[in-house]
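Colleague: please find the sequence and the predicted model below.
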Amino acid sequence: MKAAPDIALAVIGGTGLYRLAELEDVETHQPPTQYGALSGPVRVGTLAGRRVAFLARHGEGHSVPPHRINYRANLAALRALGAQRVLALNTVGGIGERFGPRVLACPDQLIDYTWGRISTLCEEPGSEVLHVDFGDPYTPAWRAEVLSAARAAGVAVVDGGCYGATQGPRLETRAEIARLRRDGCDLVGMTGMPEAGLARELGLDYACIAIVANWAAGCGDATEITFREVLDNVEAASSALPPLLRMLLQPSR
């Protein structure tokens, strides 16, 4: 068995982000976990002189829908490989006026509207019961580092916002988005939970860069949302990620 690599950062990619092309000297890991199979292999390579792990949340062929992702296995595998800091890349729809297509945002709050997903490490009989503090769902100090790196790299990232996590895989109705807006949500996606909560239970530092792929239903100039539009906007917005990641990996941070 390969020795666990020294991981400086774990990145989880969402819709439209199935690889991290900048990684060099890539190794493939797929460690077994007590929670079952991962979404796919973990690619570990070098970026800015540091070892970085990348995992495609939906699988590298986008074969796993949001409600079927084994979030527990994914995070447990990253921790087993030595990761302590996770940067989640989530493809989302924009609700608030600051969150139009191709915007990058680093939310500071979330609301969970999902249902039926295994959302805790306490699921199995005999498991330790964990009551983790979750008032700040994204690790504040780690989130501040991400924002500082973005500023230093000259990458525009909206600071703050509330992520509403919906069940999927269908997109939301206009009435549902209107409800999310009333609840205070600025962004809507399908994978923000239970991932953030599980990261907290596992003791992982966790922050999110939300990539706005489209206006949510009834917002902005949204009419019909197509998957092609989503992918095009993710590709355009994600071009800013490599310099942000390189800055984040500087040894002084």
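Modeller: Structure's in. What do you need? For clarity, every value in this text was computed on a predicted model and none was experimentally measured.
Colleague: for the protein, which helix is longest?
Modeller: Longest helix in the chain, counting residues (DSSP state H): helix 140-153.
Colleague: can you point out the buried residues in that one?
Modeller: By neighbour count with 16 or more other CB atoms under 10 Å, helix 140-153 contains the buried residues Trp142, Arg143, Glu145, Val146, Leu147, Ala149, Ala150, Ala153. (Glycine included, C-beta is placed from N, CA and C.)
Colleague: reformat those residues as a markdown table; add distance to Ala165 and pLDDT.
Modeller: Output for those, formatted as a markdown table (distance: CB to CB, whole Å; pLDDT from 0 to 100):
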| residue | distance to Ala165 | pLDDT |
| --- | --- | --- |
| Trp142 | 19 | 97 |
| Arg143 | 17 | 98 |
| Glu145 | 23 | 97 |
| Val146 | 19 | 98 |
| Leu147 | 21 | 98 |
| Ala149 | 25 | 97 |
| Ala150 | 23 | 97 |
| Ala153 | 28 | 96 |
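Colleague: residue ranges of the strands in the protein, please?
Modeller: Secondary structure of the chain (DSSP state E): strands located at 9-13, 24-29, 42-47, 50-56, 85-94, 104-106, 109-112, 158-159, 162-165, 187-189, 205-215.
Colleague: in a markdown table, list the ones you listed along with mean pLDDT, mean neighbour count and distance to Ser239.
Modeller: A markdown table is the format used below for the strands of the chain (pLDDT from 0 to 100; neighbours: other CB atoms under 10 Å; distance: least, CB to CB, whole Å):
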| stretch | mean pLDDT | mean neighbour count | distance to Ser239 |
| --- | --- | --- | --- |
| strand 9-13 | 97 | 25 | 14 |
| strand 24-29 | 94 | 13 | 19 |
| strand 42-47 | 96 | 21 | 15 |
| strand 50-56 | 96 | 24 | 17 |
| strand 85-94 | 97 | 25 | 13 |
| strand 104-106 | 98 | 22 | 10 |
| strand 109-112 | 98 | 18 | 26 |
| strand 158-159 | 98 | 17 | 17 |
| strand 162-165 | 98 | 26 | 22 |
| strand 187-189 | 98 | 29 | 20 |
| strand 205-215 | 97 | 26 | 11 |
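Colleague: which of those sits closest to Ala237?
Modeller: Closest to Ala237 of the strands of the chain, according to CB to CB: strand 205-215, at 5.0 Å.
Colleague: who's in contact with Ala199?
Modeller: Applying CB atoms under 8 Å, 6 or more residues apart in numbering to Ala199 gives the contacts Leu75, Val86, Asp205, Tyr206.
Colleague: ok, those residues vs Thr46, which is closest?
Modeller: Thr46 lies nearest to Val86 out of the contacts of Ala199, by CB to CB, at 18.4 Å.
Colleague: grab the nearest non-local neighbour of Gln250.
Modeller: Nearest residue to Gln250 in three dimensions, chain neighbours excluded: Ala48, at 7.1 Å (CB to CB, 6 or more residues apart in numbering).
Colleague: just Val129 next, same as before
Modeller: Spatial nearest neighbour of Val129, excluding adjacent residues (CB to CB, 6+ apart): Cys122 at 5.3 Å.
Colleague: measure Thr15 to Arg143 for me?
Modeller: As judged by CB to CB, to the nearest Å, Thr15 and Arg143 stand 22 Å apart.
Colleague: just Gln250 next, same as before
Modeller: 17 Å.
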